[in-house]
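**Student:** Predicted coordinates and the sequence they were generated for:
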Amino acid sequence: MKNLAFLIFIFFSKVTYGQNDSINKWTYKGYGELYYSYDFANPSNREKSNFIYNHKRHNELNANLLFMKASYSHKNIRGNIGLMAGNYVTYNLKSEPIWVQPFLEANMGLRISRKHNLWIDAGILPSHLGFESTISSDCWTLTRSILAENSPYYELGAKISYSNKAENFDCSFLLLNGWQRIKINKNEEIPALGFQFNYKPYNTLKLSYNNYLGQYHSNQIETLRMFHNFFMQYTPKGKFGMIAGFDLGMDTKKNDSTKIWYAPIIILKYQVTKKLNSAIRTEYYNDKNEAMIPTYTQHGFQVMGLSLNIDYQWNDKIQSRIEGKYYQAKDAIFLNNSKSNYSITTNITASF
């Protein structure tokens, strides 16, 4: 990682000072999301349930994500570097070394073919899994789904990617440190693998399949994780849009049984006016064997979720959002302030 950071530093230094025409090849982005969320379970520690990592704090004004990012792209070279802060960092990267936690991205890429759009990129990259990111303004819903919160948001590694001239198909092959991991565990010497395939048969329809295969040690036991992510995004020219997705994961321990989890999701979006949008989400997450989310209950983690959000776009840079969310579990897994467990919980979140 020290060598990687040094190479990235040299790369950006060369780009900045080594090319007279590079100044117009840079683009810059700044983003800030303030939010207030109230969980009607009223948790005493002011934190929402253990399967939630964004918009985590209860009954207080907070920042979910703040970042500044610089990107460079010119002919056969590209790169990104971004620094961040907020609740997302606190709860998603707490197992990483402190010095690396502020990095939203730190990667560089080289085009390796003159005839084809074929690239190799390395560094800290956004996850190739799923259709949601931690950047709320890029998502149809204010908060993240259960399946997004319990699959990677970021990854460290290298990828080879290809896209065709028609720009309706792209694919990637990845070598990764692990499942949302920058610092590799000393026991995990074999890199994880990932694949990504995106196809747009029409401008309004996107089909995507993404997967992950890697080993890790759980309680000193070697475990193989295989994960599949499918989704379809349909955005016709009218007011409606739809995303339908499905996650399937399997953890197989050495000399032991396989634990399976799965999660279907549907999001419907409706544009009320040019500035007013709404989206409704229904999802279900079944992890009865507690491979991903421990509950220590009879039926494990089996939760259905519903949410409704309304968004107002003040201009091209400012957005206000409000969302109500409802969770219902098979067992009483939600803890409230009176230390009693319930199978139902609700919360409301507003962001700017």
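**Tutor:** That came in fine, so what should we check first?
**Student:** Helix or strand: which one has residue 323?
**Tutor:** According to DSSP states H and E, residue 323 maps onto strand 319-329.
**Student:** Give me the sheet partners of whichever helix or strand comes after that strand and which way each runs.
**Tutor:** Next helix or strand after strand 319-329 toward the C-terminus (DSSP H and E): strand 334-335. Sheet pairing for strand 334-335, assigned by DSSP bridges, gives strand 341-342 (antiparallel).
**Student:** What are the contacting residues of the partner strand?
**Tutor:** Strand 341-342 is contacted from outside by 41, 332-336, using CB atoms under 8 Å, 6 or more residues apart in numbering. Glycine gets a C-beta too; all of them are placed from N, C-alpha and C.
**Student:** Distance from the chain centre to it, please.
**Tutor:** 29 Å (CA atoms, centre = their mean, to the nearest Å).
**Student:** hmm, back to that, and the strand holding residue 323, what does it pack onto?
**Tutor:** Identification of packing neighbours for strand 319-329 by 3 or more CB pairs under 8 Å, 6 or more residues apart in numbering; DSSP states H and E yields strand 301-313, strand 344-351.
**Student:** how about the strands of the stretch 51-200 of the chain, start to end?
**Tutor:** Under the criterion DSSP state E, counting those that start in this stretch, strands of the stretch 51-200 of the chain are mapped to 61-74, 77-85, 103-111, 117-126, 154-163, 169-176, 192-202.
**Student:** Against which helices or strands is the third one packed?
**Tutor:** What that stands for is strand 103-111. helix 2-18, strand 61-74, strand 77-85, strand 117-126.
**Student:** which one of those has the lowest average pLDDT?
**Tutor:** If you rank the helices and strands packed on strand 103-111 by mean pLDDT, helix 2-18 sits at the bottom with a mean of 44.
**Student:** now the following helix or strand past that helix against strand 319-329, angle please.
**Tutor:** Later in the chain than helix 2-18, the nearest helix or strand by DSSP H and E is strand 26-39. With axes from the mean of the first three to the mean of the last three CA atoms, to 10 degrees applied, the angle from strand 26-39 to strand 319-329 works out at 50 degrees.
**Student:** Buried residues of strand 26-39, list them for me.
**Tutor:** Of the residues in strand 26-39, 31, 33, 35-37, 39 count as buried by neighbour count, 16 or more other CB atoms under 10 Å.
**Student:** Likewise for stretch 262-272?
**Tutor:** Of all the residues in stretch 262-272, those buried under the rule 16+ other CB under 10 Å are 263-265, 267, 269.
**Student:** Only the C-alpha atoms, please, for that stretch, written as PDB.
**Tutor:** Provided in PDB are the C-alpha atoms of stretch 262-272 (Å, rounded to 0.1, in the frame of the first residue of the first chain):
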ATOM      1  CA  TYR A 262     -30.300 -13.700  -0.900                       C
ATOM      2  CA  ALA A 263     -32.000 -10.300  -1.400                       C
ATOM      3  CA  PRO A 264     -34.500  -9.200  -4.100                       C
ATOM      4  CA  ILE A 265     -35.300  -5.500  -4.500                       C
ATOM      5  CA  ILE A 266     -37.600  -3.300  -6.700                       C
ATOM      6  CA  ILE A 267     -37.500   0.500  -6.900                       C
ATOM      7  CA  LEU A 268     -40.100   2.600  -8.800                       C
ATOM      8  CA  LYS A 269     -39.400   6.200  -9.600                       C
ATOM      9  CA  TYR A 270     -41.900   8.900 -10.700                       C
ATOM     10  CA  GLN A 271     -41.100  12.400 -11.800                       C
ATOM     11  CA  VAL A 272     -43.900  14.500 -10.500                       C
END
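**Student:** contacts for it?
**Tutor:** For stretch 262-272, contacts defined as CB under 8 Å, 6+ apart pick out 140-141, 145-147, 239-249, 277-286.
**Student:** tell me the pLDDT at residue 256?
**Tutor:** So residue 256 comes in at 78 (pLDDT).
**Student:** again with residue 331
**Tutor:** At residue 331, pLDDT is 92.
**Student:** What of residue 342?
**Tutor:** pLDDT, residue 342: 82.
**Student:** Next, find the distance separating it from residue 174.
**Tutor:** 41 Å (CB to CB, to the nearest Å).
**Student:** higher neighbour count, these two?
**Tutor:** More neighbours surround residue 174 than the other of residue 342 and residue 174, with 22 against 16 (other CB atoms under 10 Å).
**Student:** so what's the more buried one up against?
**Tutor:** 128, 155, 157-159, 193-196.
**Student:** Could you find the closest non-adjacent residue to it?
**Tutor:** Spatial nearest neighbour of residue 174, excluding adjacent residues (CB to CB, 6 or more residues apart in numbering): residue 194 at 3.7 Å.
**Student:** give the contact list for that neighbour.
**Tutor:** 128-129, 155, 157, 159, 172-176, 210-213.
**Student:** now swap in residue 210 and tell me
**Tutor:** Contacts for residue 210 (CB under 8 Å, 6+ apart) come out as 128-130, 194-197, 228-230.
**Student:** mind redoing it with 10 Å?
**Tutor:** Residue 210 sits next to 127-131, 151, 172, 174, 194-198, 227-231, 247 when contact means CB atoms under 10 Å, 6 or more residues apart in numbering.
**Student:** buried subset of these?
**Tutor:** Listed as buried from the contacts of residue 210 are 127-131, 151, 172, 174, 194-196, 198, 227-229, 231, 247; burial here means 16+ other CB under 10 Å.
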